[in-house]
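Colleague: would you be able to build a 3D model of this:
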Amino acid sequence: MHTHILPCVCITHRTQMKDTITTVLADNLRERTIGLNYDSTVEAIGRSKHMAVGNKLTLELTRVVKRAEIMIEVDDGSGNVHHVRSLAGENLRRVLLRKGYGLYDDATVRFDMPQVRGSNCGGEGCCGTCIVDIRSGRELLNEQDQHERSMMRNFPAPSWRAACRTIVGADNQSGTLRLRTTPQSARRRPQRLE
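Modeller: Residues are numbered from 1 along each chain as shown. Below is the predicted model:
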């Protein structure tokens with residue numbers, strides 16, 4: 001069976017090789033095309049065309065993109081530097097925990113519950129206990145959102161980030177990120193017991 005692209009399909013955004021049509025939308029019709037071969041996808045577009053008011057279709061695309069690699073150099077505070085590889089778009093907290101690096105300091109006071117020490121929120125972005133000090137490579141990270149800025153305002157260094165709210169390789173950039181875990185431990189002075 002010979003098929004061709006229908007004349008009613010108008011692409012408004014630039015497409016690239018490896019773009020895949022995942023959904024065809026026409027008014028109230030939504031037809032998934034994931035996994036369909038070429039002929040079946042064109043048939044789905046044709047069916048949708050007949051349902052569309054004014055022959056207007058919307059095609060949702062998925063773009064396959066090779067993710068950049070980020071080298072993370074982790075100073076654990078004991079003088080050791082470890083190297084971890086990550087892919088762009090990964091959450092920093094998950095990368096570090098998956099590789100077995102400690103992020104939590106038992107003495108750190110939670111942002112959301114100041115009376116509690118030694119616990120964390122499990123990566124929900126509300127306690128402020130997974131702090132890392134970004135020594136270099138800040139341009140490889142996502143911007144702080146309002147929530148993280150609010151959480152971090154009580155910490156002294158602008159280079160500190162909440163690992164749970166930090167994405168490495170923002171904009172699919174490769175490079176090297178240097179950080180120190182639990183920087184709040186290094187700044188804490190011994191407290192006198194009375």
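Colleague: use CA for all of it now, contacts and neighbours both
Modeller: Will do.
Colleague: now for the longest helix seen in the chain, which elements pack on it?
Modeller: Counting by DSSP state H, the longest helix found in the chain is helix 38-51. Counting contacts by 3 or more Cα pairs under 8 Å, 6 or more residues apart in numbering; DSSP states H and E, helix 38-51 packs against strand 19-26, strand 29-32.
Colleague: mind giving me the packing neighbours of the last one?
Modeller: If I follow you right, that is strand 29-32. By 3+ Cα pairs under 8 Å, 6+ apart, strand 29-32 packs against strand 19-26, helix 38-51.
Colleague: list the buried residues of the shortest one.
Modeller: Neighbour counts using 16 or more other Cα atoms under 10 Å place 20-26 of strand 19-26 among the buried residues.
Colleague: ok, now the last one?
Modeller: Residues of helix 38-51 classed as buried by neighbour count (16+ other Cα under 10 Å): 41-42, 44-46, 48-49, 51.
Colleague: give me the pLDDT for residue 13.
Modeller: Predicted confidence (pLDDT) for residue 13: 58.
Colleague: how about the nearest residue to residue 33 once chain neighbours are set aside, what does it touch?
Modeller: Leaving aside its sequence neighbours, residue 33 sits nearest to residue 22 (Cα to Cα, 6 or more residues apart in numbering; 4.9 Å). Residues counted as contacts of residue 22 (Cα atoms under 8 Å, 6 or more residues apart in numbering) are 32-34, 59-62.
Colleague: before we move on, the earlier item: switch the buried residues of helix 38-51 over to CSV; also include distance to residue 133.
Modeller: Output for those, formatted as CSV (distance: Cα to Cα, whole Å):
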residue, distance to residue 133
41, 49
42, 51
44, 51
45, 51
46, 54
48, 52
49, 54
51, 55
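Colleague: export those residues to JSON lines and append columns for pLDDT and distance to residue 79.
Modeller: JSON lines is the format used below for the buried residues of helix 38-51 (pLDDT from 0 to 100; distance: Cα to Cα, whole Å):
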{"residue": "41", "pLDDT": "86", "distance to residue 79": "57"}
{"residue": "42", "pLDDT": "86", "distance to residue 79": "60"}
{"residue": "44", "pLDDT": "87", "distance to residue 79": "60"}
{"residue": "45", "pLDDT": "86", "distance to residue 79": "60"}
{"residue": "46", "pLDDT": "85", "distance to residue 79": "64"}
{"residue": "48", "pLDDT": "83", "distance to residue 79": "62"}
{"residue": "49", "pLDDT": "80", "distance to residue 79": "64"}
{"residue": "51", "pLDDT": "76", "distance to residue 79": "66"}
